[in-house]
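> got a predicted structure plus its sequence, pasted below:
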Amino acid sequence: MITSSRINWTYIAKLFVPSHDDIPTRRYDLDWLRILVFALLILFHTGMFYVENWGWHAKSTYQSQFLENIMLIVEPWRMPVLWLISGIAIRFIMAKVSIFRFITMRSFRLLLPLLFGILVVVPPQLYVEMSYNGDLNMNYWQFLSEFFSSDSEVFDNHQSGIWPHIDVNHLWFIRSLWQYSLVLLCLIPLLNSQWVIRATTWLFNRHGVLAVSLATLPLFIIQINWDMDSARYPLGFTLMLYGYLIGWNNLFWQRISLNIKPLLITSAICYCAFIVFYNLVWLDVIHGIPPENEAIRMLGMFNYSLMRVLGVLTVFAVAHKFLNVRSAKLNYFNDAVYPFYILHQTLILVIGFNLSKLQLGAIAEPILLIILTILTCFMGYELIRRTEILRPFFGLKMKGNYDNTVQRIGYIAAIALTLPIGWRIIT
């Protein structure tokens with residue numbers, strides 16, 4: 001009976017391990033792409049401070065509608081790239097570690113930064129937002145006293161998040177990544193099954209138009225059935241599933257690498273068509289004016305979903321062909337991703353809000369905001385990576401060699417800190 005039980009558990013455990021066939025030792029192109037997309041995120045969120053028609057926490061006095069056309073070059077695919085890379089990364093990790101190890105690693109690396117972020121990094125964003133809207137008349141330290149008060153009435157009109165008036169803001173990606181990792185873990189036996197592997201291989205062997213169309217259709221269905229704010233959640237999970245299925249499938253990567261030029265041309269055509277649709281139709285929708293022809297709106301939204309898929313394939317293809325190289329700087333920037341991501345939006349809002357009071361002009365202000373944001377991100381990262389106690393709160397491993405007792409205490413403390421927020425997210 002004991003032997004049978006052991007055999008069953010061994011069999012079940014194997015269901016969670018993807019095939020090791022053709023697994024590469026390291027995919028440097030995905031590392032570089034992840035770094036570059038997070039760097040692009042800083043520029044994108046800086047742009048959100050200046051666009052005219054897209055809502056954000058606060059705005060500069062200098063706003064531009066034309067800037068929206070520029071940002072739409074990257075907007076459809078910037079987050080999908082990160083979701084797909086996350087799915088690919090899970091496949092790599094599950095090929096090397098146990099289920100328990102995966103859950104603990106994922107929870108410590110995501111929930112500790114999330115907890116620290118919502119309690120320390122995000123509150124200045126709320127202070128800037130409420131000050132910008134005229135909802136506050138107090139300094140930041142008075143605001144913090146209200147923020148950590150259980151019966152404050154200051155936030156009665158403000159949305160709740162993980163806890164009352166404590167929201168994730170830009171850290172929604174970390175929260176969702178942890179949630180989706182657990183859900184994906186439950187689906188891995190299915191995703192590793194032979195019939196799913198055969199189905200994806202069949203699809204990768206078909207004509208590119210069919211593969212792209214089938215990948216676009218679920219995204220389009222989500223896009224038209226969820227509102228713009230909530231659609232990012234099912235889209236993110238769907239794209240993470242795509243990433244797991246892609247994994248290190250050589251056929252997929254070979255085909256997109258051989259089709260960089262068609263992908264670039266098709267993406268450019270779709271972008272031009274969408275810019276026309278955006279300016280003639282979608283701007284009216286943003287301002288509450290329904291389109292005269294619903295079919296045109298559906299066509300425009302399908303094109304937008306298509307831009308997501310084509311944009312991802314294009315940047316993956318370019319990265320795979322030109323960025324799959326090792327570099328001494330890669331480890332430095334890989335570690336910098338989480339600290340930069342956690343800090344950047346707060347820095348943009350705090351610096352931008354104060355710069356906007358100086359009336360520096362529509363050119364000087366954004367340039368100075370970008371420079372100051374990047375500099376302060378680097379300063380914050382240099383402090384974080386040199387301060388052992390801060391490292392786990394920004395997704396970095398601690399560098400010291402500690403004895404077993406200290407490690408156990410650390411794990412117990414991490415569990416005690418992450419359990420409440422993990423339970424809150426799940427429930």
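Great, that's in hand. Residues are numbered from 1 along each chain as shown.

> what is the neighbour count of residue 75?
Residues within reach of residue 75, counting by other C-beta atoms under 10 Å, total 17. C-beta: built from backbone N, CA, C; applies to glycine.

> for it, helix, strand, or coil?
Under DSSP: H, G, I helix; E, B strand; the rest coil, the three-state class of residue 75 is coil.

> next one: residue 87
Secondary structure, three-state DSSP: residue 87 is helix.

> for the closest residue to it other than its chain neighbours, give me its contacts.
Of all residues not flanking residue 87 in the chain, residue 243 sits nearest, at 2.3 Å (C-beta to C-beta, 6 or more residues apart in numbering). If you count contacts by C-beta atoms under 8 Å, 6 or more residues apart in numbering, residue 243 has them with 83, 84, 85, 86, 87, 88, 89, 90, 91.

> can we see that at 10 Å?
Shown in contact with residue 243 (C-beta atoms under 10 Å, 6 or more residues apart in numbering): 30, 80-91, 184, 312.

> quick check: which element contains it?
helix 232-246 (DSSP states H and E).

> so how far is residue 318 from residue 240?
Distance, residue 240 to residue 318, by C-beta to C-beta, to the nearest Å: 22 Å.

> quick one: which of those two has more around it?
More neighbours surround residue 240 than the other of residue 240 and residue 318, with 26 against 17 (other C-beta under 10 Å).

> tell me who's in contact with the more buried one.
Residues in contact with residue 240 (C-beta under 10 Å, 6+ apart) are 80, 82-90, 176-177, 180-181, 183-184.

> buried ones among those residues?
Buried residues within the contacts of residue 240, counting neighbours by 16 or more other C-beta atoms under 10 Å: 80, 82-90, 176-177, 180-181, 184.

> between those residues, which is closest to residue 114?
Nearest to residue 114 out of these is residue 177 (C-beta to C-beta; 9.4 Å).

> which positions within the helix or strand harbouring that closest one qualify as buried?
Using DSSP H and E, residue 177 sits in helix 172-191. For helix 172-191, the neighbour count (16+ other C-beta under 10 Å) marks 173-181, 184-185, 188, 191 as buried.

> and if you look at stretch 417-427?
Buried residues in stretch 417-427, counting neighbours by 16+ other C-beta under 10 Å, are found at 417, 418, 421, 422, 425.

> could you redo these as JSON lines and give each row distance to residue 207, secondary structure and pLDDT?
Output for the buried residues of stretch 417-427, formatted as JSON lines (distance: C-beta to C-beta, whole Å; DSSP: H, G, I helix; E, B strand; the rest coil; pLDDT from 0 to 100):
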{"residue": "417", "distance to residue 207": "51", "secondary structure": "helix", "pLDDT": "89"}
{"residue": "418", "distance to residue 207": "46", "secondary structure": "helix", "pLDDT": "89"}
{"residue": "421", "distance to residue 207": "46", "secondary structure": "helix", "pLDDT": "90"}
{"residue": "422", "distance to residue 207": "44", "secondary structure": "helix", "pLDDT": "89"}
{"residue": "425", "distance to residue 207": "41", "secondary structure": "helix", "pLDDT": "86"}
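
> format those as CSV; extra columns: distance to residue 337.
Shown next, in CSV, are these (distance: C-beta to C-beta, whole Å):
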residue, distance to residue 337
417, 22
418, 20
421, 21
422, 22
425, 22
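
> let me know the closest of the residues you listed to residue 266.
Closest to residue 266 out of those is residue 425 (38.5 Å), distances taken as C-beta to C-beta.

> how far away is residue 218 from residue 179?
From residue 218 to residue 179 the distance is 19 Å (C-beta to C-beta).

> return the helix or strand in the chain with minimum mean pLDDT.
Lowest mean confidence among the helices and strands of the chain (mean pLDDT, DSSP states H and E): helix 2-15, at a mean of 54.

> which SSE is immediately downstream of it?
helix 28-48.

> now do the next helix or strand after that next one, average pLDDT.
Next along the chain after helix 28-48, taking DSSP H and E as the criterion, comes helix 66-71. For helix 66-71, the mean per-residue pLDDT is 97.

> other SSEs contacting helix 66-71?
If contacts are counted by 3 or more C-beta pairs under 10 Å, 6 or more residues apart in numbering; DSSP states H and E, helix 66-71 sits against helix 28-48, helix 260-277.

> could you say which of those is packed most deeply?
Using mean count of other C-beta atoms under 10 Å, the stretch among the helices and strands packed on helix 66-71 with the largest mean neighbour count is helix 28-48, at a mean of 19.

> which sections of the stretch 1-150 of the chain are below the confidence cut-off?
For the stretch 1-150 of the chain, applying pLDDT under 70 flags the ranges 1-17, 19-22.

> now do 80
Residues of the stretch 1-150 of the chain meeting the criterion pLDDT under 80: 1-25, 150.

> just want the most central residue of the protein.
By C-alpha atoms, centre = their mean, the chain has its centre lying nearest to residue 173, at 4.6 Å.

> gap between that one and residue 118?
In this view, residue 173 and residue 118 are 13 Å apart by C-beta to C-beta.

> and residue 427, how far from residue 134?
Using C-beta to C-beta, residue 427 is found at 35 Å from residue 134.

> let me fix that: residue 366
Taking C-beta to C-beta as the measure, residue 366 falls 24 Å from residue 134.
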